[in-house]
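Chemist: this is a predicted model, with the sequence first.
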Amino acid sequence: MLSYIAKRLLLLIPLLLGITLISFVVIHLAPGEPTDLQTQLNPQASSELQERLRSEYGLDQPLYVQYGKWLSRLLRLDFGESFATDRRPVLDKVLERLPVTILLNLLSIILILAVSIPLGIISAIQRNSGFDRMTTILVFTGFAMPSFWLALLLMDWFGVRLGVLPVSGLKSLGYEYLSWGGQLLDRISHLVLPVFVSAIGGLAGFSRYMRSNMLEVIRQDYILTARAKGLSERVVIYKHALRNALLPVITILGLSVPGLIGGSVIFETIFAIPGMGKLFYDGVMMRDYPLIMGILVMGAVLTLFGNLLADICYALADPRIRHSHQGGGST
Amino acid sequence: MRNTFTRNFLFITIVVLLLGGCSNSNEASHPGIVAAGTPEYGDTFIESSIGDASTLLPVLASDSASSSINGLIYNGLVRYDKNLQIEGELAESWEVSEDNLTITFHLRQGVTWHDGAPFTSADVKFNYQLYVDPKTPTAYAESFKQVTGIETPDFYTVIVHYDKPYAPALISWATSIHPRHLLEGENITKSLLARKPVGTGPYRFIEWLGGEKIVLESNPDYFEGQPYIKRVVYRIIPDISTQFLELQTGSLDYMGLSPLQFDRQTDTPAFRRLYNKYRYLNFGYTYLGYNLKRPLFQDKRVRQALSYAINKQELIDGVLLGYGKVATGPYKPDTWVYNGNVPKYSYDPDKARQLLAEAGWQDTDDNGILDKDGKELEFTIVTNQGNDLRSKTGEIIQRRFKEIGVAVNLRIIEWATFLKEFINPGNFDATILGWTGGPEPDQYNIWHSSKTGPRELNFIGFKNAEVDSLLEQGRRVFDQPQRKAFYDRFQEILAEEQPYTFLYIGEALPAVSKRFREVKPEPAGIRYNFNQWFFPKAEQKYARLNDVFFVRVLC
């Protein structure tokens, strides 16, 4: 098992290098440079300024030199400084946005799991019942609904008409003057709509997935055996079937690790939440190369580790896989 | 002069909003002018911005979110008053020498920086050096490069020398003054003041939560007296619809509305109870610019014909819902420099057809499109993505041109690509764009023939010897009537030549919370006397901040 993990870790290195190289080339292929955007069409900006900025950013050097320098800095875990006017370290900018992004994504995943697992199970057990059909319609409606539209409707309804929830932002004005409980309440009230809207799209996929897993498992012989033993339906479903049906969930959770730091531009823009999605989008629009590369690398690392983690957990949870590894097989 | 390219995209065109919470006032409203009672101190003013500020060092900032915050934190030596005349700010008075080559500023005494250090002439001299330092990546160096020498004979006198008279000189000293004692010897691009500024202005910096909000508090030692409003909060709300929803809950005190919002969506009793709406003409206009390096547009008659074919009023009615004025040149009608005596090119398709016929364009193959020497009269208009007004304008123009037999394609392109692939290399036929300016009429950078190089502003390649000489003379004379003579002639030539079809000037349409007093629209807009605005005590809703959350929930 350990040698398997080591092998996988070693394989990550060339993979990561390849990802950074391709990303680096691709973002430099996009027309326009950060210096254009900062100086262009401003009557007061001279062309010397433009040239000076270019050499300060190192944009006057050949691309492979730029990549080499960037990579050597990265090896020292230095993501460089943003090309935006504030010239702040990329890491600072990312770290500033990370907590709220992770919080929202975590809450949203928890909500998705909490709702879609029971939904999936019940739909599977009562296949083709009224309940099954109803949830199918509902989750697909949620899936198909443009999230920005839903968000605006909810904001208008709960924020403006009923006035029970704040429209946007993360905290109220004067948050720091609230009591501990008031602060918590304030935070929660600001999170209700964003978490709900971001979860609603994920419900469909996950509950369908859960349903089909469950159906699959229920058809297995060992469920028949369990029933034949005279176990109660409850024990059959929740002990024998559910455990097996949940196995693939591990994979999905592993895959959602990189999603924890990713954000959605549309959604963050609408709710005025300073998250990673908006940061990345603005970075791309301004051709802020160090920032773009920094976020892409972090995303890539998390994706690769998420996959690895999922495989390992899977192996731990499922003896069949574990044993096949010990026998020298591979996944 | 401070022309920046306007675009409703990322950072430049910013709808600045403020928010006012739920007002508990049911007082009678005074539409237009709100002025009543004795000023009272206190409360919070909440405004929102679609983009975060980039840096709070004005020398480096060129986006409007940063500029509007910097405007409250810093001062210049001079500023525009409500009638757009220059008045002193950090300078109490000044003299311009007979030969117009020297300006002597007498600074206010007793002004302090927010950290308590005194403001002196050494700060002014340092700022000059800062702006012209080749290591400072600033967009504001040009006007300071005209300065040939600066002297500070005592703490409160600054003498500035020029080798040629330079009319925009005086207003160029409206540029923000930075603190010498905190910046001297520092690398300006690494200075911590960019995130924690120290100025002399009416508000001082409290905190900046990236992407979320910036908070300022009134400066009790401000040399013109402490502003009445205690705190100013800039919330970053990137989506216009969200801003509008926030406005409707009463949690913004100020918002620049879109014509649609102003006209159709704010006529509810609830809205009228909370806000007053104002309208006044912006500085800045939208134009259709022709690439004069293209053979097609080298014939003046073609450009004139196209101007006659556009119904400008229709654009204003359709795109701005009527909230705008027809543009006839680069200046707006209510300024001293505006010349109303130029050809206006009112909508006249017959005249347009006739001019095109004179230029040799006929529809010989009867396909509805004019042609000449076997080539059809067809071209492409490009504009940037993210500005809905411009793309709609393009569509209306496209249809009007079709009516006179001119085929037009419309391409809308992402901003960075637009600059790199189309504007910089001069690779376009015609473009719809806008300029924003200010009261200073100098247009040298946009129209002078020396400014047609790559990345320069005269990217349509306009070259006219008389205009060159008028622009040169215009910036060398201080006397207003004399200057006006040059700029009048300049406007006549532009009207005759039609290198642009000047389309329209939009209106600013702010909604301002009714809780404010002393809001009085003037030529300079409504924000010029922000420091005098106040909330009567009875309407101060953020006075007891502990109650904020509940106030919010209850309204």
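Modeler: Everything's here; your move.
Chemist: count the neighbours of the residue of the stretch 1-150 of chain A found nearest chain B for me.
Modeler: Using CB to the nearest CB, the single residue of the stretch 1-150 of chain A nearest to chain B is residue A:32, 3.0 Å away. For the C-beta atoms, the positions are set from N, CA and C on the backbone; glycine is no exception. Counted with other CB atoms under 10 Å in any protein chain shown, residues neighbouring residue A:32 total 20.
Chemist: what's the answer for residue A:149, then?
Modeler: By other CB under 10 Å, neighbour count at residue A:149 equals 11.
Chemist: can I assume it sits in a helix?
Modeler: Yes: assessed with DSSP: H, G, I helix; E, B strand; the rest coil, residue A:149 lies in a helix.
Chemist: got a pLDDT number for it?
Modeler: pLDDT recorded at residue A:149 is 89.
Chemist: next one: the one 5 residues further on
Modeler: pLDDT recorded at residue A:154 is 91.
Chemist: which helix or strand contains it?
Modeler: helix A:147-154 (DSSP states H and E).
Chemist: got the phi and psi for the residue in the stretch 401-550 of chain B that chain A sits nearest to?
Modeler: Taking CB to the nearest CB, chain A has its nearest neighbour within the stretch 401-550 of chain B at residue B:416, 3.0 Å off. Per-residue torsions, residue B:416: phi -60, psi -40 (degrees, to the nearest 10).
Chemist: what sits against residue B:156?
Modeler: B:106, B:107, B:108, B:109, B:120, B:121 (CB atoms under 8 Å, 6 or more residues apart in numbering or on different chains).
Chemist: on that earlier part again, does anything pack onto the helix holding residue A:154? Which helices or strands?
Modeler: Contacts defined by 3 or more CB pairs under 8 Å, 6 or more residues apart in numbering or on different chains; DSSP states H and E place helix A:147-154 against helix A:180-218, helix A:265-271, helix B:240-248.
Chemist: correct me if wrong: the residue of the stretch 401-550 of chain B closest to chain A contacts residue A:284.
Modeler: No: using CB atoms under 8 Å, residue B:416 is not in contact with residue A:284; the gap is 9.3 Å.
Chemist: nearest residue to the residue of the stretch 401-550 of chain B closest to chain A other than its sequence neighbours?
Modeler: Residue nearest to residue B:416 in three dimensions, not counting chain neighbours: residue A:32, with 3.0 Å by CB to CB, 6 or more residues apart in numbering or on different chains.
Chemist: likewise residue B:49?
Modeler: residue B:65 (4.5 Å).
Chemist: check what pLDDT the one you found gets.
Modeler: Per the predicted model, pLDDT is 85 at residue B:65.
Chemist: tell me, how many residues neighbour it?
Modeler: Other residues within reach of residue B:65 by the criterion other CB under 10 Å amount to 22.
Chemist: which SSE is it in?
Modeler: Here residue B:65, judged by DSSP H and E, is contained in helix B:64-73.
Chemist: now for that helix, which elements pack on it?
Modeler: On a contact count with 3+ CB pairs under 8 Å, 6+ apart, helix B:64-73 meets strand B:203-209, strand B:213-218, strand B:231-236.
Chemist: so which of these is nearest chain A?
Modeler: Nearest to chain A, of all the helices and strands packed on helix B:64-73, is strand B:231-236, at 6.3 Å by CB to the nearest CB.
Chemist: which one of the residues in the stretch 251-400 of chain B is closest to chain A?
Modeler: For the stretch 251-400 of chain B, CB to the nearest CB, closest residue to chain A: residue B:251, 7.2 Å.
Chemist: surely that residue touches residue B:48?
Modeler: No: using CB under 8 Å as the test, residue B:251 is too far from residue B:48 to be in contact (9.3 Å).
Chemist: so of the contacts of residue B:156, which ones are in strands?
Modeler: B:106, B:107 (DSSP state E).
Chemist: ChimeraX command to pick out the buried ones of the contacts of residue B:156?
Modeler: In ChimeraX syntax, the buried subset of the contacts of residue B:156 is picked out as below (16 or more other CB atoms under 10 Å in any protein chain shown):
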select /B:106,107,108,120,121
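Chemist: just give the number of residues close to the one residue in the stretch 151-300 of chain A that gets nearest to chain B.
Modeler: Proximity of the stretch 151-300 of chain A to chain B (CB to the nearest CB) peaks at residue A:274, 2.6 Å away. Neighbourhood size, residue A:274 [other CB under 10 Å]: 23.
Chemist: on that earlier part again, which one of residue B:251 and residue B:48 has more residues nearby?
Modeler: Shown here are residue B:251 and residue B:48; by other CB under 10 Å, residue B:48 has more neighbours (32 against 27).
Chemist: ok, back up a step: could you dump the helices and strands packed on helix B:64-73 to JSON lines with distance to residue A:21?
Modeler: What follows is the helices and strands packed on helix B:64-73, written out as JSON lines (distance: least, CB to CB, whole Å):
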{"stretch": "strand B:203-209", "distance to residue A:21": "36"}
{"stretch": "strand B:213-218", "distance to residue A:21": "39"}
{"stretch": "strand B:231-236", "distance to residue A:21": "35"}
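Chemist: any chance of the ones you listed in JSON lines, with distance to chain A and mean neighbour count too?
Modeler: Below are those laid out as JSON lines (distance: least, CB to the nearest CB, whole Å; neighbours: other CB atoms under 10 Å in any protein chain shown):
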{"stretch": "strand B:203-209", "distance to chain A": "8", "mean neighbour count": "19"}
{"stretch": "strand B:213-218", "distance to chain A": "8", "mean neighbour count": "21"}
{"stretch": "strand B:231-236", "distance to chain A": "6", "mean neighbour count": "22"}
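Chemist: how about TSV for those strands, with mean pLDDT added?
Modeler: Output for these, formatted as TSV (pLDDT from 0 to 100):
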stretch	mean pLDDT
strand B:203-209	93
strand B:213-218	93
strand B:231-236	91
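Chemist: re earlier: just checking, what packs against the next helix or strand after the helix holding residue B:65?
Modeler: Going down the chain from helix B:64-73, the next helix or strand is strand B:78-80, by DSSP H and E. Where contact means 3+ CB pairs under 8 Å, 6+ apart, strand B:78-80 is packed against strand B:86-88, helix B:169-172.
Chemist: winner for burial among these?
Modeler: Among the helices and strands packed on strand B:78-80, ranked by average contacts under mean count of other CB atoms under 10 Å in any protein chain shown, first place goes to helix B:169-172 (a mean of 21).
Chemist: the stretch 51-200 of chain A: helices as residue ranges?
Modeler: Using DSSP state H, counting those that start in this stretch, the helices found in the stretch 51-200 of chain A span residues A:63-75, A:90-125, A:130-144, A:147-154, A:180-218.
Chemist: closest one to residue B:148 among those helices?
Modeler: Counting by CB to CB, residue B:148 lies closest to helix A:63-75 out of these; the figure is 39.9 Å.
Chemist: on that earlier part again, quick one: the helices and strands packed on helix A:147-154 as a markdown table, columns for distance to residue B:321 too.
Modeler: Formatted as a markdown table, the helices and strands packed on helix A:147-154 follow (distance: least, CB to CB, whole Å):
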| stretch | distance to residue B:321 |
| --- | --- |
| helix A:180-218 | 31 |
| helix A:265-271 | 25 |
| helix B:240-248 | 16 |
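Chemist: distance of the residue nearest to residue B:49 relative to chain A?
Modeler: For residue B:65, the distance to chain A (CB to the nearest CB, to the nearest Å) stands at 11 Å.
Chemist: isn't that residue right next to residue B:54, touching?
Modeler: Yes: Residue B:65 lies in contact with residue B:54 (CB under 8 Å); the separation is 7.4 Å.
Chemist: all helices of the stretch 351-500 of chain B, in order?
Modeler: Under DSSP H, counting those that start in this stretch, the stretch 351-500 of chain B gives helices at B:388-403, B:415-417, B:444-447, B:465-474, B:480-497.
Chemist: that concludes my questions; thank you for your assistance.
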